[in-house]
Every structure is written in C-alpha cells, then in structure tokens.
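J.: Build the 3D model from these lines:
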Amino acid sequence: MKEFTENLLGTKVNDEKTFSVSYRDNYPEKRLAGKTVQYTVKVEVIKQKDIPEINDEFAERLGDYKTIEELRAKIRQDLEKHKTEHAHEQMREKLLEWLEDNNEFELPESLVERQLQIRVQRLLRDLSRQGINPQRLDVDWGKIREDQQQQATRDVKGSLILEHVADQENIRVTDEEVDGEIEKISAETRRPKEKVKEVLTREAGLDRLKTQIRNKKTLDFLQERARVRAVAT
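T.: Numbering: from 1, shown residues only. Now for the predicted structure:
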C-alpha cells in the first residue's frame, strides 16, 4: 500500500500512471506468488481531508455539548468506563481459565464436535469478510483444526461449569436484562430494536444471548466471592 501511494503522489485528476509490483515467492495468492505485475491506475477524483478546529462550535456539532470542556469530560468518562469494564472482563476470563484448569470431568464428544464446527465456520466467515479466499491460503489446516479443537474443548468445559454453578445458585436471566442487551446491540449496530430482536429470534440468537448473560452473571457472582492476590511481575 505504501508503494502504491508513493507512485500516485503528484498525479492530477484523469492522469494515468503505470507501475510494477513484485510479489514474494510465498505470497498467499498463488497466481501472484513470485511474479512482477504491472498496474495502470487512473485518478478519478482527489479529496482533501478538512480537519476542523477543536473548539466549542465543534463540540456542539457532535452532540448535546455546549463547550469543548463538556465534550472532553464525556470522552474522559467513557474512557474510564471502558478501562474499568475491560479490567472486569480480564478478571472474568482469568477466573474462567482457573475453573477450567482445576476441574476435571469427561466431556460429551458431540458438544465438543459441535463447538469445533462453530469455531471453524466462524474463522472461515471472518476470512471471507476480509476478502480472503480460505481455499487459496497456504496454511496447515490440520494444525488449525487441532488448535480450534483445543479451544472448543475449553469452551464446552467452561460452559458446563458455569451452567452447573448457575443451577446450584439459582441464577436466572430476566426479560428486562435481555431487553437491555438488545438495546445495546441496537445502539451499536444502529438498527431498530424490533429488527434486532426479529433477527435474533429467527436465528435462535435469543437463546445464545440469554446464555451469554447468564454466564456473565455467574462469573460476576464467583468474582465477588473470589480471593484475589496481587502477584509481582
């Protein structure tokens, strides 16, 4: 991308420029590996980014703020909230890892296999979204499947542990909690709440959402009762 940008410096609208790109021998796209390809680019439009002045007027355009100091205070508050939530999330992850490492029991192979398929499909979907054809990647899929199976095993183990604790402690998920999560998804995706709920219902997503909420509540329950020691690094 850097070479591409440098080759276009100094061009004007409707200008055409030809340049060569040499690909390494182990380039993932096999039809390009080890080859030098010529590209011809025509400049259709040139845009310039206009950086606004950071002042009260700028703050007013971004929302219900009267001064730039109000905007900065809100940004600071959001950053502190995010930092706190991230710390709690890390603590929950460590707690779940400890539970998985310190509880041994036989896992249903069917659950592990199903979780493995979910993980592999998720990986392939993420690659496709990035415009990458998984079939053309020069990778050891056997090793990837092995790694994914290890993670799938931990996923199932952690899920069964949390389900057992939640049952023992009578931890339940309320309709209000589900609606609250749907509202968050709606705000993040900028889609109507009713549409989000419709998609979740159609794709069995509501059950998964309830499970996620219950697992989080269970980990919060355990975290409140855990004895945490600071360890020097």
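
J.: This structure: strands as residue ranges?
T.: 16-22, 36-42 (DSSP state E).

J.: out of those, which comes closest to residue 212?
T.: Closest of the strands of the chain to residue 212 is strand 16-22, at 44.3 Å (criterion: C-beta to C-beta). (Glycine included, C-beta is placed from N, CA and C.)

J.: Parallel or antiparallel, which strands does that closest one pair with?
T.: Its sheet considered, strand 16-22 pairs with strand 36-42 (antiparallel) by DSSP bridges.

J.: And the contacts of the strand it pairs with?
T.: Outside strand 36-42, the residues that touch it by C-beta atoms under 8 Å, 6 or more residues apart in numbering are 7, 8, 14, 15, 16, 17, 18, 19, 20, 21, 22, 23.

J.: hang on, the earlier thing: closest to residue 140 out of the strands of the chain?
T.: Here strand 16-22 is closest among the strands of the chain (C-beta to C-beta), at 26.4 Å.

J.: and the closest one, what's its mean pLDDT?
T.: Averaging pLDDT along strand 16-22 yields 82.

J.: Show me the domain layout of this structure.
T.: According to automatic domain parsing, the chain comprises the domains 2-42, 83-223.

J.: Tell me which of those sits most buried.
T.: Most buried of these, by mean neighbour count (mean count of other C-beta atoms under 10 Å): domain 83-223, with a mean of 13.

J.: can you give me how far stretch 155-163 is from the chain middle?
T.: Centroid separation for stretch 155-163 versus its chain: 21 Å, with C-alpha atoms, centre = their mean, to the nearest Å.

J.: now do stretch 36-52
T.: Computed by C-alpha atoms, centre = their mean, the chain-centroid distance of stretch 36-52 equals 30 Å.

J.: and the end-to-end length of it?
T.: End-to-end distance for stretch 36-52: 42 Å, by C-alpha to C-alpha, to the nearest Å.

J.: coming back round to it: which among the contacts of strand 36-42 gets closest to residue 80?
T.: When the contacts of strand 36-42 are ranked by distance to residue 80 (C-beta to C-beta), residue 8 comes first, at 41.7 Å.

J.: What separation do you get for residue 86 and residue 79?
T.: Residue 86 is 10 Å from residue 79, where distance means C-beta to C-beta, to the nearest Å.

J.: Quick one: mean pLDDT over stretch 124-139.
T.: Over the span of stretch 124-139, the pLDDT mean works out to 78.

J.: now that stretch: how far from the chain's centre is it?
T.: Chain-centre distance of stretch 124-139: 17 Å, with C-alpha atoms, centre = their mean.

J.: What's the end-to-end length of it?
T.: 13 Å.

J.: Need the contact partners of that stretch.
T.: Contacts of stretch 124-139 with the rest of the structure, by C-beta under 8 Å, 6+ apart, involve 26, 28, 29, 30.

J.: who's in contact with the last one?
T.: What it means is residue 30. 136, 138.

J.: from memory residue 119 sits against residue 150, does it?
T.: No. Shown here, residue 119 and residue 150 do not form a contact pair, counting by C-beta atoms under 8 Å, at 10.2 Å.

J.: Perfect, I'm done here.
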